[in-house]
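1. model the structure of this input:
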Amino acid sequence: MSITVQIPTALRRHTAGVGSLNCAAANLGELFSVLDEKFPELKPHLRDEAGQVRRFLNVYVNEEDIRFLGGPGYTFQDGDEILLVPSIAGGAL
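-> Predicted coordinates for the structure are as follows:
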C-alpha cells in the first residue's frame, strides 16, 4: 500500500526542503515512525513527550480531518493523500 504525505512549507526546514513523500504506512502511528526515521528533526513537531499527536497539528486524509474518520487509529487506504498542517497563531496589532 502506498500513500502520499504532503509536508507544508512551515515544516520543510525540518525535512531538508522535502515537500512530498510516498511511503507505505497503514495508519498515523506507522506514518510518524517512517517520518521519524527519515526526518528526525521533524519528530518534536508531530508528537508530544507522551508520543501523542501534538494538539496544534491537524492531519487530513484526502482533505478530510482524521478526527472525523476515527482519529489516529484510522486505517489508510492505498493512494490516500495525507496532509500535515500545523496551526499557526500569534501576532500583534
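
2. go ahead and flag the most central residue of this structure.
-> Residue closest to the average C-alpha location in the chain (Cα atoms, centre = their mean): L84, at 3.9 Å.

3. confirm that one sits in a strand?
-> Yes - using DSSP: H, G, I helix; E, B strand; the rest coil, the assignment for L84 is a strand.

4. partners of it in the sheet?
-> According to DSSP bridges, the partner residues bridging L84 are V59.

5. using CSV, write out every CA atom in the helix of greatest length in the chain.
-> Across the chain, the longest stretch assigned as helix under DSSP state H is helix 28-38. C-alpha atoms of helix 28-38 as CSV (Å, rounded to 0.1, in the frame of the first residue of the first chain):
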residue,chain,number,x,y,z
LEU,A,28,-0.8,7.5,11.5
GLY,A,29,1.4,5.8,14.0
GLU,A,30,3.2,3.9,11.2
LEU,A,31,3.4,7.1,9.2
PHE,A,32,5.0,9.0,12.1
SER,A,33,7.5,6.2,12.5
VAL,A,34,8.5,6.5,8.8
LEU,A,35,8.8,10.3,9.2
ASP,A,36,10.8,9.9,12.4
GLU,A,37,13.3,7.7,10.7
LYS,A,38,13.7,9.9,7.6
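
6. list the helices and strands it packs on?
-> For helix 28-38, the elements it packs on are strand 3-6, strand 20-23, helix 43-46, judged by 3 or more Cβ pairs under 8 Å, 6 or more residues apart in numbering; DSSP states H and E. (Glycine included, C-beta is placed from N, CA and C.)

7. so how far is it off the chain centroid?
-> A distance of 9 Å separates the centroid of the chain from that of helix 28-38, by Cα atoms, centre = their mean, to the nearest Å.

8. where in the chain is pLDDT low?
-> The model of the chain has pLDDT under 70 over residues 89-93.

9. state the distance from the residue nearest to the centre of the chain to V5.
-> Here the criterion is Cβ to Cβ, to the nearest Å. By it, L84 lies 7 Å from V5.

10. same check, this time on V53
-> 14 Å.

11. what's the answer for L28, then?
-> Distance of L28 to V5, given as Cβ to Cβ: 11 Å.
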